[in-house]
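Colleague: Generate a structure from the sequence data that follows.
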Amino acid sequence: MNRYVALLAFIVIVLGGGSLIGYLTLPGEWYAGLAKPFFNPPNWIFGPVWSVLYILVAVAGWRVWLADAGGVAMRVWIGQLVLNFLWSPTFFGLQQTGLALLVIVALLVAILGFMATARKVDGVAAWLFAPYAAWVAFATLLNASIWWLN
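Modeller: Residues are numbered from 1 along each chain as shown. I've put the predicted structure just below:
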């Protein structure tokens, strides 16, 4: 397969999947009624931030796939994507903030695990996850705060 077709496939899967899940699990009235911490960002920020992050995640996955498709880093990349895609249905769909907190903590661990394993295969791929790790760390704090306040 042409490497750029593969890159496009990674972007479609990650950005498309994340966008679809986001659309299917829009926050709605339940979320609007929750007590939120003072540092809760405005709702409009999440779409643009996640779009950029999903592209970085896709490019990182593609780079690792090119270097070692069957390796540990690729398996960890897949695992973090599964956890990422589980969080919104858990938080917004099931309205389970505590369970979602467990999912996002596991996601953060998987992201850091990817960075550690990917740096041995492709250092750029590992660094592409740095903004994602920072945002998910913030989102973990936000999720924990919402759980605590409600």
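
Colleague: Report the buried residues of the helix or strand harbouring Val109.
Modeller: Using DSSP states H and E, the element containing Val109 is helix 97-118. By neighbour count on 16 or more other CB atoms under 10 Å, the buried set for helix 97-118 is 97, 100-101, 103-104, 106-108, 110-115, 117-118. C-beta here means a position set from N, CA and C on the backbone, and glycine is covered the same way.

Colleague: other SSEs contacting that helix?
Modeller: Contacts defined by 3 or more CB pairs under 8 Å, 6 or more residues apart in numbering; DSSP states H and E place helix 97-118 against helix 46-68, helix 72-88, helix 123-128, helix 130-149.

Colleague: show me the contacts for the residue nearest in space to the middle of the chain.
Modeller: Taking CA atoms, centre = their mean, the centroid of the chain lies closest to Asn84, which sits 4.2 Å from it. Asn84 makes contact with Gly18, Val57, Leu107, according to CB atoms under 8 Å, 6 or more residues apart in numbering.
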